[in-house]
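# Next input, structure requested:
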Amino acid sequence: MPEVFTEENKNFHKHNTSNNGSKNGRSRLNENDVYQIRLRRKNGENIREVYKDYSNKITYGSFTNVWTY
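Alright, predicted model coming up:
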């Protein structure tokens with residue numbers, strides 16, 4: 001029976017060499033965007049008003065995930 005996990009796959013998970021954050025090619029926001037969203041939440045701004053600035057980048061559902069950490 002062939003081995004399910006190759007050595008390359010084992011090393012990937014062992015060393016966590018995935019592309020996290022803005023290094024991921026599919027990311028829509030960078031670290032600064034996330035920081036600004038959370039800062040605006042901390043300052044008491046309304047979620048819908050802040051989302052208007054990012055609606056062209058991500059969906060409202062994804063935005064609420066960032067908003068609520």
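# For Thr64, give me its contacts.
Residues near Thr64 by C-beta atoms under 8 Å, 6 or more residues apart in numbering: Ile47. In short, each C-beta sits where N, CA and C put it, glycine included.
# do Ile47 as well
Arg41, Phe63, Thr64, Trp67.
# any idea how far it lies from Tyr35?
According to C-beta to C-beta, to the nearest Å, Ile47 stands 16 Å off from Tyr35.
# Check which helices and strands the longest helix along the chain is in contact with.
For the chain, the longest helix by residue count, based on DSSP state H, is helix 31-42. When contacts are defined as 3 or more C-beta pairs under 8 Å, 6 or more residues apart in numbering; DSSP states H and E, helix 31-42 packs onto helix 47-52, helix 60-67.
# The last one vs helix 31-42, what angle?
Note on geometry: by axes from the mean of the first three to the mean of the last three C-alpha atoms, to 10 degrees, helix 60-67 and helix 31-42 are set 80 degrees apart in direction.
# Could I get the average pLDDT for helix 60-67?
On average, the pLDDT along helix 60-67 is 95.
# and that helix, which residues are buried?
In terms of neighbour count (16 or more other C-beta atoms under 10 Å), helix 60-67 has its buried residues at Phe63, Val66, Trp67.
# Out of the residues you listed, which comes closest to Gly21?
Gly21 has its nearest neighbour among these in Val66, at 12.0 Å by C-beta to C-beta.
# Please tell me I have it right and the closest one contacts Ser27.
No. The pair Val66 / Ser27 is not scored as a contact, 11.6 Å apart, by C-beta atoms under 8 Å.
# In space, what's closest to the residue nearest the centre of the chain - neighbours in sequence excluded?
For the chain, Gly21 is the residue whose C-alpha lies nearest the centre (C-alpha atoms, centre = their mean; 5.6 Å). Distances taken as C-beta to C-beta, 6 or more residues apart in numbering put Glu31 closest to Gly21, at 5.9 Å, once the chain neighbours are dropped.
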